[in-house]
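**Q** sequence and predicted structure, then a few things I'm wondering about:
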Amino acid sequence: MTDLYIAKNQLAGKKVELSDISIRDGLQSLETVIDTDTKVKYLEGLILAGFKRMEATNYGHPKFVPFFPDATEVLKRLLNSETKAPDGRTIGQMMKRNGGDVELTAITIHESGAERAFKDFDAGHGPDRILQMTSTCPEHQKANSGKTHDQYFTMTEQVIKAAHSRGMVVNGTVSTIWGSPFEKFNKQYTMQEKLDIAIAFVKRYLGCGADDIELADHDGSVTDYHKAYEFFSRVLDPKEMGIGPDGRNYADPNLYIAHFHTKNMASALRNAAAALKAGIIRFESCMSGIGGQPANTVDGVPIQGREGDYYSDHFNHGLISTEDLVTMFHQIGVVTGIDEEKLIALGKGFRRDVLDMFAAKQKKLNRPSMPCRSFMLTDGKLPKSVTELYAG
């Protein structure tokens with residue numbers, strides 16, 4: 001068993017790149033539609049706290065993913081924002097599309113979403129980066145996209161070509177790496193076989209031309225952080241990954257982003273520490289530790305066509321907390337570029353304006369709500385089960 005204890009100062013000075021995806025992944029799990037002003041307010045706040053990569057919206061079909069009717073409007077507002085940063089630049093000037101260094105991502109799992117993103121991009125206000133997603137589990141793949149693996153890769157290869165012709169970046173997400181909500185897949189393969197399948201999917205996505213790969217545990221299947229370390233070490237092993245047909249080094253850490261959902265926030269943080277030690281330098285997170293499977297109900301009304309959710313407790317599968325992840329990295333001595341004080345203050349506001357508001361709505365409907373899962377916001381400190389990996 002690999003010893004994952006991170007000695008004091010072992011990783012001090014190491015630089016990582018963090019992407020906050022609260023306004024997409026986070027909000028899609030709430031059973032209500034958050035207004036455009038709130039979305040823009042917190043996207044701007046995250047940018048002012050130092051984030052350079054943001055998941056701003058989702059171009060999913062409004063009938064099935066009704067939480068982002070304002071996808072185009074959100075992007076327009078950011079690109080034209082006059083809100084000023086301390087250095088005098090406006091948020092609009094900070095956007096990549098306007099010559100800045102803040103990259104905006106939108107989710108486009110299906111062809112129709114990609115076409116909407118392309119239309120907005122061609123009109124001057126689309127995202128810089130789009131995300132496509134495949135799952136190693138066939139059942140999860142079919143439930144998410146309506147396509148088989150071969151059908152999806154054929155489609156995504158064409159989407160990637162169309163995006164690249166416009167100068168857009170494309171992320172290819174590989175999901176269900178350590179396990180799936182569909183037990184058939186879990187019983188069919190050993191953990192070793194699951195990791196082997198995931199490596200093959202990563203190579204296939206890169207072969208299709210994906211610019212980077214999100215490596216996702218979408219339901220907290222990796223509860224043993226040693227297994228997280230094992231997989232990320234393999235992905236960054238030049239002997240295992242090799243050189244792609246396009247000449248890229250498939251073991252380049254810049255190609256990969258770690259994405260951890262979990263019922264247990266401490267487990268997710270241990271996984272992130274393991275990924276960091278393995279050499280991963282890019283991570284995604286959500287404020288308050290919310291996010292996950294898109295809700296199937298809006299203000300108590302079921303979404304037609306989304307019945308039979310394969311997550312029975314989607315409020316317990318949030319993403320790793322942004323507040324906690326940044327705090328942990330800073331305690332290790334890792335450089336994030338994020339102003340922790342500003343982030344914690346912003347996180348408190350987000351909890352008040354979004355989660356507390358949502359909880360009040362759900363209470364009136366006699367429905368459950370998603371709690372704040374951030375240790376830093378609820379306890380003011382990280383648990384010993386996390387800090388023992390690197391303190392001392």
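**A** Great, that's in hand. Numbers count the residues shown, from 1 in each chain.
**Q** dump stretch 123-131 to PDB, keeping only the CA atoms.
**A** Only the C-alpha atoms of stretch 123-131 are listed here, as PDB (Å, rounded to 0.1, in the frame of the first residue of the first chain):
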ATOM      1  CA  ALA A 123     -22.500  35.800 -32.700                       C
ATOM      2  CA  GLY A 124     -19.700  37.000 -30.500                       C
ATOM      3  CA  HIS A 125     -20.800  35.900 -27.000                       C
ATOM      4  CA  GLY A 126     -20.400  32.200 -26.800                       C
ATOM      5  CA  PRO A 127     -18.200  30.100 -24.400                       C
ATOM      6  CA  ASP A 128     -14.400  29.700 -24.800                       C
ATOM      7  CA  ARG A 129     -14.600  26.000 -23.900                       C
ATOM      8  CA  ILE A 130     -17.400  23.300 -24.100                       C
ATOM      9  CA  LEU A 131     -17.700  20.000 -22.300                       C
END
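**Q** and it, what's its mean pLDDT?
**A** On average, the pLDDT along stretch 123-131 is 97.
**Q** so where's the stretch 1-150 of the chain shaky on pLDDT?
**A** Along the stretch 1-150 of the chain, segments meeting pLDDT under 70 span 1-3.
**Q** residue boundaries of the strands in it?
**A** 17-20, 53-58, 103-107, 129-135 (DSSP state E, counting those that start in this stretch).
**Q** list the buried residues for the shortest one?
**A** Neighbour-count burial for strand 17-20, counted by 16 or more other C-beta atoms under 10 Å, picks out 18-20. C-beta coordinates here come from the backbone N, C-alpha and C atoms, glycine included.
**Q** nearest to residue 206, of the strands of the stretch 1-150 of the chain?
**A** strand 129-135 (12.4 Å; C-beta to C-beta).
**Q** off-centre distance for the closest one?
**A** Averaging C-alpha positions (C-alpha atoms, centre = their mean, to the nearest Å) puts strand 129-135 11 Å from its chain's average.
**Q** residues in contact with it?
**A** With contact meaning C-beta atoms under 8 Å, 6 or more residues apart in numbering, strand 129-135 is reached by 55, 59, 103-109, 113-114, 117, 141, 144-145, 149, 152-153, 156, 159-160, 163, 168-176, 180, 201, 205, 210-211, 214.
**Q** which of those residues fall in helices?
**A** Cross-referencing the contacts of strand 129-135 against helices under DSSP state H gives 113-114, 117, 141, 144-145, 149, 152-153, 156, 159-160, 163, 201, 205.
**Q** so what pLDDT did residue 304 get?
**A** 82.
**Q** what's next to stretch 351-367, contact-wise?
**A** Contacts of stretch 351-367 (C-beta under 8 Å, 6+ apart): 27, 30-32, 34, 38, 41-42, 287-288, 290, 297, 299-300, 368-372, 374, 377.
**Q** er, stretch 198-211 I mean
**A** Applying C-beta under 8 Å, 6+ apart, the contact partners of stretch 198-211 are 129, 132, 134, 136, 153, 156-157, 160-161, 164, 169-172, 174, 177, 213, 215, 231, 234-235, 240-241, 244-246, 248, 250, 255.
**Q** buried among the residues you listed? Make that a PyMOL selection.
**A** Selecting only the buried entries of these in PyMOL, with 16+ other C-beta under 10 Å as the criterion:
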select buried, resi 129+132+134+136+153+156+157+160+169+170+171+172+174+177+213+215+231+234+235+241+248+250+255
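**Q** returning to what we had before: which among the buried residues of strand 17-20 gets closest to residue 316?
**A** Residue 316 lies nearest to residue 20 out of those, by C-beta to C-beta, at 21.0 Å.
**Q** gap between the closest residue to residue 85 other than its chain neighbours and residue 271?
**A** Once flanking residues are discounted, residue 85 sits nearest to residue 48: 5.8 Å by C-beta to C-beta, 6 or more residues apart in numbering. Separation of residue 48 from residue 271 (C-beta to C-beta, to the nearest Å): 29 Å.
**Q** more neighbours: which of these two?
**A** Using other C-beta atoms under 10 Å as the criterion, residue 48 and residue 271 rank with residue 271 on top: 27 against 18.
**Q** could the strands of the stretch 1-150 of the chain be laid out in CSV, adding distance to residue 68?
**A** Shown next, in CSV, are these (distance: least, C-beta to C-beta, whole Å):
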stretch, distance to residue 68
strand 17-20, 16
strand 53-58, 5
strand 103-107, 9
strand 129-135, 13
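**Q** once you drop chain neighbours, what's closest to residue 246?
**A** For residue 246, ignoring the flanking residues on the chain, the nearest one in space by C-beta to C-beta, 6+ apart is residue 209 at 7.5 Å.
**Q** tally of neighbours for that neighbour?
**A** If you count neighbours by other C-beta under 10 Å, residue 209 ends up with 17.
**Q** pLDDT at it, what is it?
**A** Among the per-residue scores, residue 209 holds a pLDDT of 98.
**Q** do the same with the one 4 residues further on
**A** Model confidence at residue 213, given as pLDDT, is 98.
**Q** check the gap between residue 47 and residue 170 for me.
**A** 22 Å.
**Q** so who does the spatially most central residue of the chain touch?
**A** Centre of the chain computed as the mean C-alpha position; nearest residue by C-alpha atoms, centre = their mean is residue 284, 4.6 Å away. Each residue near residue 284 by C-beta under 8 Å, 6+ apart is listed here: 18-21, 25, 55, 214, 257-259, 319-320.
**Q** what do you get if the cut-off is 10 Å, keeping everything else the same?
**A** The contact partners of residue 284, by C-beta atoms under 10 Å, 6 or more residues apart in numbering, come to 18-21, 25, 53, 55, 105, 214-216, 257-260, 291, 319-320, 322, 325.
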